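Asker: Build me a structure from this.
(one chain, ligands or ions: 1)
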Amino acid sequence: METPKYKSGNQLSSKSVLIWRIIQSVLWLIGAVILFFLIFYPLIGINLFWNILIPITPALLVVATGIWRNICPLATISLFPKRIINRKRRKLSISAQGKLNLIGILALYLIVPLRHALFNTSGLSTAILLISVSTFAVITGTIFEWKSAWCSGLCPIHPVEKLYGTKVLLSVPNAHCHQCMNCVVPCPDSTPGIHPSSAKKTIYHKIGGFLIIGGFPGLVWGWFHVPDHNSLTSFTQLSEIYKLPLAGSLATMVLYWLLSQVFDKKQETKLVGIFAATAVSCYYWYRLPVLFGFGVFKNDGMLLDLSLMIPAWTMSITVVITSIFFFWWIIFRKQEKKSWLIRPQYAPEVKRQL
Ligand code: SF4
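Answerer: Next up is the predicted model:
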């Protein structure tokens, strides 16, 4: 990727803008192709989406959240209306921002367990999910300013970005907002070291921060202890897919609450880092063996069966190394706080108000 170039202030040169637009278009096309496969060739579509794209994303969020923010196909589609008609859009109040964040977290808690009953095994269900969220993304991007309502509001991936992206490797140029309208405060893209508890402006922000930091490691742990079902036919089945993830979530929330009584305010970032590192390590601890045929529920979420080709201990060593890496990266690595993206110049009318 090319080194950022700025014409003046933090504005990207037209050549850099063009490069980012090409990358965004390619990623958007890949998204459209995956959607096609999900509908017409579900086995391939499920493999592409759930067994390749999704397993890569958490690591990318940890290392370079800004790159994901610049290339995510949902962001591209949400901001497309603003790009074609660049007029001023509605600004959300702080309280509305907190409410949207909280709804995004609740949507995450609702959707993730449902993968076991619907999305992991049904290409069409996954396609409907993607079309639905894309519709929300476009509608919110049409009404509200820049990323405020979708990318930094309702998007169910956004809370995970905030949890994992506390110590990014680099700040990349913002390839979406060409002028900052100060549409979300604090802007998650432009605030160094942002995490889910950084903004405690309203009760919604506080509840959201607590749910994602405290509950996510347990949700991930519980999720990997539930097998896939081929359909959703009874209430018992529904309760089975939610029981362990929610119980796990509750357990880690209690632990988080207890630890937050011990850690003082200055150590809050460290505590968030411990829970973030636990969640992402737990994800790869279970996901890597599952991907390569060493999972407990043999065929669930498998990409490639290597179980007869390599000894099981190689997988154990791999997951220990990935966990050490994430704990080192998020907790122990010394690094000055960086923002995911570099804030573009403020629009003149915003500059006058600041
Ligand atoms: S950089 Fe500015 S315009 Fe873009 S999302 Fe952040 S606050 Fe909004």
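Asker: Give me the three-state assignment for N299.
Answerer: Assigned with DSSP: H, G, I helix; E, B strand; the rest coil, N299 falls in the coil class.
Asker: For it, grab phi and psi.
Answerer: N299 adopts backbone torsions of phi -90, psi -10, taken as degrees, to the nearest 10.
Asker: next one: L306
Answerer: Backbone torsions of L306, given as degrees, to the nearest 10, read phi -100, psi 10.
Asker: Could you do L341 as well?
Answerer: The phi/psi pair for L341 (degrees, to the nearest 10) reads phi -130, psi 160.
Asker: Please read off the pLDDT at it from the model.
Answerer: For L341, the pLDDT comes out at 95.
Asker: Kindly provide the distance from it to W68.
Answerer: Separation of L341 from W68 (C-beta to C-beta, to the nearest Å) stands at 10 Å. For glycine as for every other residue, the C-beta is placed from the backbone atoms N, C-alpha and C.
Asker: anything in contact with each of those two?
Answerer: Common contacts of L341 and W68 (C-beta atoms under 8 Å, 6 or more residues apart in numbering): none found.
Asker: who's more crowded, the two?
Answerer: Legend: neighbour count by other C-beta atoms under 10 Å for L341 and W68, higher for L341 (25 against 20).
Asker: pretty sure the more buried one is touching A64, no?
Answerer: No: with contact defined as C-beta atoms under 8 Å, L341 and A64 do not form a contacting pair (10.4 Å).
Asker: In the host helix or strand of L244, which residues are buried?
Answerer: If you go by DSSP states H and E, L244 is part of helix 235-262. For helix 235-262, burial by neighbour count (16 or more other C-beta atoms under 10 Å) applies to 240-242, 244-246, 248-249, 251-253, 256, 260.
Asker: Likewise for stretch 211-229?
Answerer: Under 16+ other C-beta under 10 Å, the buried positions of stretch 211-229 are 211-224, 226, 228-229.
Asker: Name the next helix or strand downstream of the helix holding L244, please.
Answerer: Where DSSP H and E defines the elements, the next helix or strand beyond helix 235-262 is helix 268-291.
Asker: Please name every helix or strand in contact with that next one.
Answerer: helix 54-71, helix 158-164, helix 203-223, helix 235-262, helix 312-327 (3 or more C-beta pairs under 8 Å, 6 or more residues apart in numbering; DSSP states H and E).
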